[in-house]
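**Student:** Just need the structure, nothing else, for what follows:
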Amino acid sequence: MAEHPTYDYIVIGAGSAGCVLANRLSADPAHSVLLIEAGGPDRHPLVHLPMLMGKLMHSKIYNWSYDTEPEPELDNRRIYWPRGKALGGTSTINGMIYVRGNRADYDRWAQMGNPGWSYAEVLPYFRKSETHVERRDAFHGDDGPLSVCRARGTNSLFDRFVQAGIEAGHAFNDDFNGEVQEGFGRYDFTIRNGRRCSTSKAFLRPAMRRANLTVQTHALTLRIVMENGRAVGVDYSVGGATRHAHAAREIVLSAGAVNSPQVLMLSGIGDADELSTHGVDTVHHLPGVGKNLQDHVDVCLVYEIKEPITLYSELRVDRLTRAIVEGALFGTGVATTFPYEGGAFIRSRPGLEAPDIQAHFMPALEKTANLHWPKPFTRARIEDNHGVTIRVGPVNPESRGHITLRSADPRDPPRIFANYLTTAFDKATTVAGVKILRQAMQQPAFADLIGTEIAPGPEKTSDASLTEWLKQAGGTTLHPVGTCKMGNGADAVVDAELKVHGVEGLRVADASIMPIISSGNTNAPTIMIGEKAADMILKESS
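**Tutor:** Numbering: from 1, shown residues only. As a prediction, this is how the structure comes out:
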């Protein structure tokens with residue numbers, strides 16, 4: 001292989017974890033690093049203004065634009081799965097909400113046979129990444145590459161939402177990433193000076209000045225090359241031409257919960273029976289690849305608001321144009337905020353160890369491609385378009401899905417079987433969340449403003465009617481994880497050091513390694529996984 005370029009480390013995927021790995025592994029000039037990304041640079045102007053995130057999610061810009069297979073418990077609907085395809089991965093198109101999860105999540109990971117992953121052991125990696133603009137305490141960092149700030153929105157309905165939660169008997173929480181997670185409050189965000197702070201911006205761009213880091217964009221990984229049980233290189237395609245790079249030390253697969261198992265299977269690592277159906281020769285039988293898929297399902301509660309004080313007022317063409325210009329030039333104004341700033345973590349019943357329900361509150365009507373109602377809500381009269389949306393769902397769903405190959409062609413998207421709401425627990429917990437948030441919206445904080453309940457609708461009060469409604473209303477919070485499970489059982493793909501079982505020189509480091517989904521938005525935990533993986537690799541190489 002002397003004719004092919006050789007690097008100490010090859011990182012596949014420049015997403016939320018991959019950018020972290022590229023930065024940390026190349027910090028020592030003695031290490032040569034190749035970072036391979038299927039997408040391109042993150043230069044589009046829509047990337048930088050937080051309010052425009054919805055346009056990114058529902059466009060082809062920097063997006064794999066996947067769809068699930070028909071979902072049995074969601075009226076056989078295909079659910080749209082946007083996944084980032086650019087430097088920064090999904091951190092380039094996501095909602096920027098910074099939630100680490102509950103300490104109980106990581107303690108459970110450790111208890112499942114993954115030493116080193118307890119909350120006390122992963123907290124330093126969260127802090128290592130972070131520079132929090134306002135918070136200064138033992139839970140937050142102040143010199144990391146990733147800028148994190150408090151919610152920036154000024155709409156008064158956010159305060160009303162928090163007050164309603166308090167009036168309903170829930171705690172106020174000023175910091176979901178602090179001592180406790182439970183309560184009503186506002187989220188933190190990966191925003192710097194009014195602009196998105198993706199992992200590309202935070203970690204990769206500063207590192208790209210280094211001579212020992214090579215970043216190859218528009219490069220589709222074809223397969224990981226194996227020799228005698230060891231991963232030794234990567235075949236990838238650029239402009240239709242196949243290239244090969246050799247890894248002297250290790251290959252780190254960081255392509256995400258969809259693409260990481262796809263790359264492994266295309267490389268002959270997976271369930272032998274499944275691979276054979278696609279004509280892929282099995283290099284290493286590892287049946288857990290692509291299994292254990294988890295995602296946060298949610299539904300939308302939607303209410304009319306009687307006064308013109310929602311974000312809809314900002315969506316008039318003249319005001320929106322002005323807001324975009326203000327945000328782009330000065331980093332201020334409504335365009336520099338993400339609309340789902342209000343949040344809550346609550347327990348569906350007493351006695352639970354940790355909150356089992358999460359809510360996201362937006363002072364506007366939700367109108368997305370994944371509609372949660374039979375017809376769009378846009379009304380003829382402008383004043384009739386004011387409302388609020390609350391997305392609610394379980395943080396630790398029991399339903400498990402899987403990802404398989406569609407074919408042996410790397411250009412074909414894999415098949416995604418999310419299996420949302422396939423357990424009684426997930427349905428019951430979601431319905432419980434709907435009832436709890438309904439109760440909050442009936443509190444005095446909204447008494448003078450609340451109008452008709454548009455979804456699910458005031459006629460749906462019984463558990464049976466609400467459970468039936470989930471079929472039409474259920475969607476995704478866009479947090480897929482778990483398809484390269486960390487652990488030691490028959491369904492595990494990597495060990496506690498993220499090394500692929502039975503394969504030398506290959507690790508997986510991204511959201512796919514989570515044995516159980518974290519309680520909340522998954523971008524912050526994925527960044528932490530990148531940090532911890534880099535530290536383990538560097539300690540081993542020293």
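**Student:** measure L21 to I251 for me?
**Tutor:** Look at L21 and I251: by CB to CB, to the nearest Å, they are 11 Å apart. All C-beta atoms are positioned from the backbone trio N, CA, C, and that covers glycine.
**Student:** Mutual contacts of the two, please.
**Tutor:** Y9, V11 (CB atoms under 8 Å, 6 or more residues apart in numbering).
**Student:** So which of those two has more stuff around it?
**Tutor:** L21 (31 against 27; other CB atoms under 10 Å).
**Student:** Provide a list of residues in contact with the more buried one.
**Tutor:** Contacts of L21 (CB under 8 Å, 6+ apart): Y9, V11, V252, S254, A509, G530, A533, A534, I537.
**Student:** gap between the first one and T221?
**Tutor:** Going back to what we said before, that points to Y9. 15 Å.
**Student:** With the last one instead?
**Tutor:** As for I537, its distance to T221 is 19 Å (criterion: CB to CB).
**Student:** do the same with the fourth one
**Tutor:** Separation of S254 from T221 (CB to CB): 11 Å.
**Student:** Give me the more crowded residue out of these two.
**Tutor:** S254 (33 against 23).
**Student:** ok, the closest residue to that one other than its chain neighbours - contacts?
**Tutor:** Distance criterion CB to CB, 6 or more residues apart in numbering; nearest residue to S254, sequence neighbours excluded, is G18 at 3.7 Å. If you count contacts by CB under 8 Å, 6+ apart, G18 has them with V11, I12, L35, E37, G89, T199, V252, S254, A255, A509, D510, G530.
**Student:** Just the ones of the residues you listed in strands?
**Tutor:** Mapping the contacts of G18 onto strands (DSSP state E) picks out V11, I12, L35, V252.
**Student:** could I get those as CSV with pLDDT?
**Tutor:** Shown next, in CSV, are those (pLDDT from 0 to 100):
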residue, pLDDT
V11, 99
I12, 99
L35, 98
V252, 99
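**Student:** Quick check: the two most widely separated of the residues you listed?
**Tutor:** Greatest spacing in those, by CB to CB: L35 and V252 (9.7 Å).
**Student:** Overlap in contacts, these two.
**Tutor:** Shared contacts of L35 and V252, counting by CB under 8 Å, 6+ apart, come down to V11, G18.
**Student:** so how many other residues sit close to the residue nearest to R223 when sequence neighbours are not counted?
**Tutor:** Spatial nearest neighbour of R223, excluding adjacent residues (CB to CB, 6+ apart): S267 at 4.4 Å. Neighbours of S267 under the rule other CB under 10 Å: 26.
**Student:** same deal with D28?
**Tutor:** 14.
**Student:** That one looks like it's in a helix, true?
**Tutor:** No: according to DSSP: H, G, I helix; E, B strand; the rest coil, the state of D28 is coil, so it is not within a helix.
**Student:** can you give me phi and psi for the residue nearest to S254?
**Tutor:** Torsion angles at G18 (phi, psi; degrees, to the nearest 10) stand at phi -60, psi -40.
**Student:** Ok, F172 next?
**Tutor:** phi -90, psi 140.
**Student:** That one touches R186, doesn't it?
**Tutor:** No: counting by CB atoms under 8 Å, F172 stays clear of R186, with 10.4 Å between them.
**Student:** Need the residues touching each of those two.
**Tutor:** Residues touching both F172 and R186 (CB under 8 Å, 6+ apart): V162.
**Student:** Return stretch 423-437 as PDB; C-alpha atoms alone will do.
**Tutor:** Extracted as PDB, the C-alpha positions of stretch 423-437 are listed here (Å, rounded to 0.1, in the frame of the first residue of the first chain):
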ATOM      1  CA  THR A 423     -44.700  -0.800  23.400                       C
ATOM      2  CA  ALA A 424     -47.600  -0.100  25.800                       C
ATOM      3  CA  PHE A 425     -45.100   1.700  28.100                       C
ATOM      4  CA  ASP A 426     -44.200   4.300  25.300                       C
ATOM      5  CA  LYS A 427     -47.900   4.900  24.500                       C
ATOM      6  CA  ALA A 428     -48.900   5.300  28.200                       C
ATOM      7  CA  THR A 429     -46.000   7.600  29.000                       C
ATOM      8  CA  THR A 430     -46.700   9.800  26.000                       C
ATOM      9  CA  VAL A 431     -50.400  10.000  27.000                       C
ATOM     10  CA  ALA A 432     -49.400  10.900  30.600                       C
ATOM     11  CA  GLY A 433     -47.200  13.700  29.300                       C
ATOM     12  CA  VAL A 434     -50.000  15.100  27.200                       C
ATOM     13  CA  LYS A 435     -52.300  15.200  30.300                       C
ATOM     14  CA  ILE A 436     -49.600  16.800  32.500                       C
ATOM     15  CA  LEU A 437     -48.900  19.500  29.900                       C
END
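**Student:** In that stretch, which residues are buried?
**Tutor:** Using 16 or more other CB atoms under 10 Å as the test for burial, stretch 423-437 gives T423, D426, K427, T429, T430, V431, A432, G433, V434, I436, L437.
**Student:** what kind of secondary structure is the closest residue to P414 other than its chain neighbours in?
**Tutor:** Residue nearest to P414 in three dimensions, not counting chain neighbours: Q262, with 4.5 Å by CB to CB, 6+ apart. Secondary structure, three-state DSSP: Q262 is helix.
**Student:** Could you pull up the contacting residues of V392?
**Tutor:** V392 touches 298-301, 357-360, 430, 433-434, 436-437, counting by CB under 8 Å, 6+ apart.
**Student:** now do 7 Å
**Tutor:** D298, V299, L301, I357, A359, G433, V434, L437 (CB atoms under 7 Å, 6 or more residues apart in numbering).
**Student:** Kindly report the same for G520.
**Tutor:** So G520 contacts V99, G101, Q358, V395 (CB under 7 Å, 6+ apart).
**Student:** any idea how far the closest residue to D188 other than its chain neighbours lies from W81?
**Tutor:** Nearest residue to D188 in three dimensions, chain neighbours excluded: Y98, at 4.4 Å (CB to CB, 6+ apart). Relative to W81, Y98 is positioned 22 Å away (CB to CB).
**Student:** the more surrounded of those two?
**Tutor:** Y98 (25 against 21).
**Student:** quick one: that one and T190 touch, right?
**Tutor:** Yes: Y98 is within contact range of T190, at 5.3 Å (criterion: CB atoms under 7 Å).
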